[in-house]
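Asker: dropping a prediction and its sequence here:
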Amino acid sequence: MNKFNLGVLLIAFIILGSCGKKNTTVNNNVPYVYVSIQVFKSLSENTYLATPGTYKYLTGGYKGIILAHTLDDKYLAFDRTCTFHPETSCAIIELDSATFNNYYCGKKTNHCCDSRYQADGFVVNGPATQPLKSYNVSQDANYIYITN
């Protein structure tokens, strides 16, 4: 077998070996979960989301999702999983509803790891080094769509 055929064979093995592999983690440590959520804006329990400075906890994602309508009139969606040891049961993100500026890991009075994240999901302090897992958010006249 000449060098050319050996090179072609090697490239074929590399290409075929990479096929079928699926990225199962996000941010290197938050497990991947398929997300496709529709929030009906006109439903009475969701109409308040039209007001900037509001949020809602949703089921889905790895440990739930926070849908936030920011003060600058944008919708953001984050997984509620703390990126520092996401497998621990207390590693659930809460929104500081008093300031609407920070997310924290654990309950407000009993933090899990003291990681804090700013409104855009990036780490402010604590042992976490990776931002919150964010989801794509789009909308039309009737729905807010959250996907990955």
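Answerer: Perfect, thanks for sending it.
Asker: Leu49 versus Leu43, what's the distance?
Answerer: 10 Å (CB to CB, to the nearest Å). C-beta coordinates here come from the backbone N, C-alpha and C atoms, glycine included.
Asker: who has more neighbours, the two?
Answerer: Leu49 (18 against 10; other CB atoms under 10 Å).
Asker: secondary structure class for the more buried one?
Answerer: The local conformation at Leu49, judged by DSSP: H, G, I helix; E, B strand; the rest coil, is helix.
Asker: all further residue positions should be reported with the first residue as 30.
Answerer: OK, 30 is where the count begins now, so the last one is Leu78.
Asker: which residue sits closest to it, ignoring its sequence neighbours?
Answerer: Nearest residue to Leu78 in three dimensions, chain neighbours excluded: His98, at 5.5 Å (CB to CB, 6 or more residues apart in numbering).
Asker: that neighbour and Thr83 touch, don't they?
Answerer: Yes. If you go by CB atoms under 8 Å, His98 and Thr83 touch, sitting 5.0 Å apart.
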